[in-house]
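[1] my questions are about this predicted structure, shown below with the sequence.
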Amino acid sequence: MPSRRRTVPSRRPTPSPSVRPTPSPSRRPLHRRPAALGAVVAAALVGGLLTATQSASAAGARIHDIQGSTRISPLAGKQVGEVPGTVTAVRSAGSSRGFWVQDPRPDGDPATSEAVFVFTGKETPKVAIGDAVTVSGTVSEYYPGGKDAGLQSVTEITDATWRTVSTGNPLPAAFRLHPASVPNRYAPDAGGRNIESLPLRPASYALDRYESLEGMRVSVSDARVVGPTSKYHELWVTAEPWHNRTVRGGTLYRSYGDPNGGRIKVASPAPSDRRPFPVADVGDELTGTTAGPLDYGSFGGYTLQATELGRLTDRGPAPETTRKQRPDELAVATYNVENLSPATPQAKFDRLAKALVRNLSAPDIVALEEVQDDNGPADDGTVTAGATLTRLTEAIKAAGGPAYAWRQIDPVNGQDGGQPGGNIRVAFLFNPARVSFTDIEGGDATTPVKVIADQGRATLSASPGRIAPTDPAWKTSRKPLVGQFSLRSRPESRVFVIANHFNSKGGDQGLHGRFQPPARSSESQRIAQAKLVNTFVKELLAVDPKAAVVVAGDLNDYSFSPALKNLTAGGVLTDLVDRLPQAERYGYVYDGNSQVLDHMLTSRRLSRADYDIVHLNAEYADQASDHDPQVLRVRP
């Protein structure tokens, strides 16, 4: 969602069968391709289409000559004529139409692709699968999202004409993607530099393998789904079903050094009422063969444009439910509710409420992220969120849950990032029948909360309060909210809960881009944010070494990241996800990678926490949020 995109925001138009809806405000406008290009075009074209300024021709070229053995065609910008091949698929909808053509007479060099995309713009090409054709046109390199997006390019023939030689020809055999054909190493390490000029080594690197197959027919057999079907009719499978497998059938993203090269997106190049796209969840299987040309785009990188789809087999597990807390336990949860506002359909409020009551067993305290203001994305200066929280708490009561109260602080308009006009913030829900909130006046959008000594114990200058809200680390990002709670059964207890939503990964280079390893430009801000929260926790513990502290929320980073290392520095906090079996350490699925972005951390006083990531959203095509909630239970 807008606060939390982890690939480059520029997207190629229409990589799937139909035109995508207008992107959310966090995404840059899509760069559109021109419908046709002449032989002599300036090199810097809007939309990322790169051609040279010469009009030289390459007579007698075949497709492997066009593709070459690097990521950039040696014939880029040149005219080619009468290039032979067989049509293997047609993209017949959207503004990026065209067809894939593959040479049935390969050169035997595994580094050179034998297929290429023929771009026809908004015009539906008059060809059919199985046609033998000869194609003439200009060789071009198209950069999805524009060249500045940092992605790889797609070699294409543009301004094309073609001649059909025969019809009904057999298609070239598909290259089978499986554990032995996908290298374990993901990409060459170029120290963050551009890898375009490096010779392709398809036996050494997964990205090189895919690039050497660009446009060619590839297949996967009995493919396990590792990313659920999206609203754009796309899903993710893996060609390496046992590599970093999660306990529920996904693929775990466990280190920067292993982005899981077996992940492949599956889409469809043409709409069809006769063959609806499967609605799949993580753990399901496309039984049989899924095959088609291998495309590339900004929405996830390499994509199998399936002209043949395996049969969907339901193998995924059911959504989870956590146990109820015992009378002497305090249950604290975190839940990113994904841009919740009064503009949100009631059905989503009802689903969130049902999950909180049934799947999460009505936690005593809930740290919410992405609570929007009372008119949602309307940008008119409204910053209050009472209507949003009232509607949620009423839905919870209607679902049989407790009468939750809430605490939050309205942000300064337009200063906390997220969807423009939405003024997202973190907030607390709490069950007043089980816990008390210690209200201390003085908290507002810009006043920093302080730790105060209180007869040997710690308390707050304001509750709720915000941590260093004017520090540059929180520029256009949500500020942490601190609240002081106590169990009603133990009124002397004090529990400090810090709700967080660190800045997004927007602007980071894509895992599959041409700069390797990719730069994580957004990381420095999260490191600074983590240091501020860590310092605040240290201040609490300096006053009271036995202070009970819970740090929770969407930290937008991994347990192995520098941000989390800075948050736990000095041993003041324990990241509870690290105590789970490795195959269970995730609560978010993106581009087929199951990963952890939400965290719950505790001070030493609460080190015996019972912790659970409740899988009920991220792995499913039908989800109330793109995040799974988390719960811990402690005896403070």
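    That came through fine.
[2] residue ranges of the strands in the stretch 201-350 of the chain, please?
    217-227, 235-238, 263-267, 285-297, 301-305, 311-313, 330-340 (DSSP state E, counting those that start in this stretch).
[3] out of those, nearest to Gly81?
    Of all these, strand 285-297 sits nearest to Gly81, with 22.7 Å by Cβ to Cβ. Using the backbone N, CA and C atoms, a C-beta is placed for each residue, glycine as well.
[4] so who does Val135 touch?
    With contacts defined as Cβ atoms under 8 Å, 6 or more residues apart in numbering, the neighbours of Val135 are 80, 82-83, 85, 101, 118, 157, 160-162.
[5] and if you look at Thr313?
    Residues near Thr313 by Cβ under 8 Å, 6+ apart: 284-287.
[6] at 6 Å what do you get?
    If you count contacts by Cβ atoms under 6 Å, 6 or more residues apart in numbering, Thr313 has them with 285, 287.
[7] separation between it and Leu286?
    Distance from Thr313 to Leu286, counting by Cβ to Cβ, to the nearest Å: 8 Å.
[8] report the buried residues of stretch 582-601.
    584-601 (16 or more other Cβ atoms under 10 Å).
[9] got the domain ranges for this protein?
    The record's domain split for the chain, according to automatic domain parsing, is 49-166, 175-313, 330-634.
[10] off-centre distance for the longest one?
    Read it as domain 330-634. The chain centre lies 19 Å from the centre of domain 330-634; the measure is Cα atoms, centre = their mean, to the nearest Å.
[11] may I see the strands of the stretch 201-350 of the chain arranged in TSV, with distance to Lys354 and mean pLDDT as well?
    Shown next, in TSV, are the strands of the stretch 201-350 of the chain (distance: least, Cβ to Cβ, whole Å; pLDDT from 0 to 100):
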stretch	distance to Lys354	mean pLDDT
strand 217-227	25	98
strand 235-238	26	98
strand 263-267	31	97
strand 285-297	28	97
strand 301-305	35	97
strand 311-313	26	97
strand 330-340	13	98
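[12] who wins for proximity to Thr382 among those?
    strand 330-340 (14.8 Å).
[13] could I get that closest one in CSV with only the CA atoms?
    This file holds the C-alpha atoms of strand 330-340, laid out as CSV (Å, rounded to 0.1, in the frame of the first residue of the first chain):
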residue,chain,number,x,y,z
LEU,A,330,-1.6,-9.2,29.2
ALA,A,331,-2.2,-9.6,25.5
VAL,A,332,-0.8,-7.0,23.2
ALA,A,333,-1.3,-7.0,19.4
THR,A,334,-0.1,-5.0,16.4
TYR,A,335,-2.2,-4.8,13.2
ASN,A,336,-1.6,-2.7,10.1
VAL,A,337,-5.2,-2.0,8.9
GLU,A,338,-4.1,-0.6,5.5
ASN,A,339,-5.5,2.9,5.0
LEU,A,340,-8.6,2.6,7.1
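[14] direction included, what does it pair against?
    Under the criterion DSSP bridges, strand 330-340 sits next to strand 365-371 (parallel), strand 630-634 (antiparallel) in its sheet.
[15] thinking again about what came up before, greatest separation within the contacts of Val135: which pair is it?
    For the contacts of Val135, with distances taken as Cβ to Cβ, the pair at the greatest spread is Gly85 and Thr161 (14.2 Å).
[16] related to what we said a few turns ago, just the contacts of Val135: which are in strands?
    Those of the contacts of Val135 mapping onto strands are 80, 82-83, 85, 101, 118, 157, 160-162, per DSSP state E.
[17] between the residues you listed, which has the most around it?
    Neighbours here mean other Cβ atoms under 10 Å. Within these, the largest count is held by Val101, at 29 neighbours.
[18] check contacts around the nearest residue to that residue once chain neighbours are set aside.
    Of all residues beyond its chain neighbours, the one nearest Val101 is Gly85 (3.7 Å), with distances taken as Cβ to Cβ, 6 or more residues apart in numbering. Taking Cβ under 6 Å, 6+ apart as the definition of contact, the neighbours of Gly85 are 63, 101-103.
[19] now do 7 Å
    Taking Cβ atoms under 7 Å, 6 or more residues apart in numbering, we find Gly85 in contact with 63, 101-103, 133.
[20] of those, closest to Ser92?
    Of all the contacts of Gly85, Val101 has the smallest distance to Ser92: 15.0 Å, by Cβ to Cβ.
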